Structures are given as structure tokens and as C-alpha cells.
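J.: curious how this folds, go ahead:
(2 chains)
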2 protein chains.
Amino acid sequence: MVDILHRVGVVGSVDDVYKALDTIDGLAAWWTLDTKVTADGAIQFRFGEAGGFDMKVVETEPGKLVRWEVVDGPEEWIGTHVRFDLHQEDDFAIIMFRHEGWREVVPFMYHCSTKWATFLMSLKHLVETGTGEPAPNDVQVSNWH
Amino acid sequence: MVDILHRVGVVGSVDDVYKALDTIDGLAAWWTLDTKVTADGAIQFRFGEAGGFDMKVVETEPGKLVRWEVVDGPEEWIGTHVRFDLHQEDDFAIIMFRHEGWREVVPFMYHCSTKWATFLMSLKHLVETGTGEPAPNDVQVSNWH
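T.: Sure, this is the predicted structure:
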């Protein structure tokens, strides 16, 4: 099993970052504008024709942790977990990010690692400046977008 | 053993990307301005007070591959390998990046994963626009810079 890892520091408080991870408005402002709650309580993230992901929130601890299980989306993602561990270091809210449980190293995993980095930078910009770069206005990293 | 993975697509040719990986001027224009060849033929990358890395070039194939061994730098990096595999997909030169051989998952690895993403985006910008964001003008991702 292999994981995608990132560490981003946001000038702000863990509570501000948590709000961007625990509310639909927050998530829509850095990941994708097309974010909503489904009938069965999962969070549905869509990226136009590219499809998207449904996440079940499996664990939250205000100001500390958000953990999701991927319940629908690309086959490689289903059953994997995405977690955001938060802690404060002076003026910085630190996000230790982990997308864990990939079954094998595929080109799509390389792509998702880079995309997660740019989306986490979008989250950083959102909290620091009030404006992120959620899809469809996300940073293009390649021909896979 | 765990790896850092990224996939970035650059609008341009694999030869242009290769030039940015195989020449001192190219490397200095996207990773760090303070790049030079040492007396024993390694490439020395420095980032001011943060220190830096010495890389031995262990394999190159024009337009296809650059592979380095880390011979000096932070203890976690020494003995690891950094490789850039290149191929063309229509208008995009695709970089499959792998920093492999980390002995354990430490917070510094999370940080380096995010920094590699932003430096690879700097490489993309360099080839596409003529201007990258090498240190000391690199994108700050956290309190660790």
C-alpha cells in the first residue's frame, strides 16, 4: 500500500482551516464549486466531464482531524482514505495530508499527488486571502488537467 | 520504502524539458539559482541557510530520463534517488517524477512532497513561459518554507 503525502502551512488558525474542511461552503471554495451532500449523507465532489468523488465522513475532531472514506469515484480511489491532521505551530496552521490505501502505483496516482498539492495550496490561499482556486478554475498541471 | 510521486505535463517538447534537467543554467532557472558543479562532478544545489543537496548524476538518456543519487544533504535524503522519466503525449511533455528510497515516513517527507510539486510547476512555467520560480523566489508552502 502506498500513500500520497503533503504538508502545507496556512497562516491562520486550525479552526479556520477546519471550517474549510468541515463545511460544504468551505470545501466548495478550494476544491470544486460543484460540492453537495447526497441523500445518504456523503459529500459529492464533481469536476465536470472528468467525474468526481463521493466521500463518507468517517471521523472528525474540531480543529484537529477530518477523515474521509472514498465511497464512489474512479476505481483506484474507492476504499481509499483521505485524512487531514491539523496542528498549530506559532502563526501557522499545519495540515498533514495523507491519501492512503492506494492498492498500486499507477500513473493516475502520480497525477493525483500533484493535483492534491495544488488543491492544498488553493486551501491555503482561501484561508489566507479569502480566495481559493476551486475547479473549474483550478490550476492545470498537465493534459489530464 | 516509500516514494514521492508526481506527474506534470509541460506544453512543449521532451527535449526542452530535458534541457532544463541536464544543464546547470536549466536547473538554476527552476529549482535554485545557487546551482553549480562541484570539484568531484556532483551537482550542488543550495537554498541559503536551509542548506541543500548534492546530486550525482547516475543515468541520463536525452529526452527520456534523468536520474540522480543524493550524495550529500539532509540525512533523510542521502542514498535516495530522484528520477525524471519523460515522454511526449501530443503537445505535452510528460514528466513522471519519483523521489524514491525514503527509509521512513517522516514529516519532512510530507513537506518535500509538496515542495517538489511546486518546483515541478516552476519547471513547467520555465519551459512554457521562459520564467520559473527558483529559490530564493520559490513558492512558500509553510513555515518550513
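
J.: do any residues in stretch A:132-141 lie close to chain B?
T.: Yes: Stretch A:132-141 is in contact with chain B by CB under 8 Å from any CB of the partner chain, via A:139, A:141. All C-beta atoms are positioned from the backbone trio N, CA, C, and that covers glycine.

J.: hang on, residue A:118 packs against residue B:117?
T.: Yes: at 6.9 Å, residue A:118 and residue B:117 qualify as touching, with contact defined as CB atoms under 8 Å.

J.: and those two? which has more neighbours close in?
T.: residue B:117 (26 against 17; other CB atoms under 10 Å in any protein chain shown).

J.: list the contacts for the more buried one?
T.: A:6, A:113-114, A:117-118, B:6 (CB atoms under 8 Å, 6 or more residues apart in numbering or on different chains).

J.: now swap in residue A:115 and tell me
T.: A:138, A:141.

J.: dump the helix or strand that contains it to PDB, keeping only the CA atoms.
T.: Per DSSP states H and E, residue A:115 falls inside helix A:107-129. C-alpha atoms of helix A:107-129 as PDB (Å, rounded to 0.1, in the frame of the first residue of the first chain):
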ATOM      1  CA  PRO A 107       0.200   6.900 -13.400                       C
ATOM      2  CA  PHE A 108      -3.100   8.300 -12.000                       C
ATOM      3  CA  MET A 109      -1.600   8.200  -8.600                       C
ATOM      4  CA  TYR A 110       1.300  10.400  -9.700                       C
ATOM      5  CA  HIS A 111      -1.200  12.800 -11.200                       C
ATOM      6  CA  CYS A 112      -3.400  12.900  -8.100                       C
ATOM      7  CA  SER A 113      -0.300  13.600  -5.900                       C
ATOM      8  CA  THR A 114       0.400  16.800  -7.900                       C
ATOM      9  CA  LYS A 115      -3.200  17.800  -8.000                       C
ATOM     10  CA  TRP A 116      -3.600  17.400  -4.300                       C
ATOM     11  CA  ALA A 117      -0.600  19.700  -3.800                       C
ATOM     12  CA  THR A 118      -2.200  22.400  -5.900                       C
ATOM     13  CA  PHE A 119      -5.600  22.000  -4.200                       C
ATOM     14  CA  LEU A 120      -4.000  22.200  -0.800                       C
ATOM     15  CA  MET A 121      -2.300  25.400  -2.000                       C
ATOM     16  CA  SER A 122      -5.800  26.500  -3.000                       C
ATOM     17  CA  LEU A 123      -7.000  25.800   0.500                       C
ATOM     18  CA  LYS A 124      -4.000  27.800   1.900                       C
ATOM     19  CA  HIS A 125      -4.900  30.800  -0.400                       C
ATOM     20  CA  LEU A 126      -8.600  30.500   0.600                       C
ATOM     21  CA  VAL A 127      -7.800  30.800   4.300                       C
ATOM     22  CA  GLU A 128      -5.100  33.400   3.900                       C
ATOM     23  CA  THR A 129      -6.700  35.700   1.400                       C
END
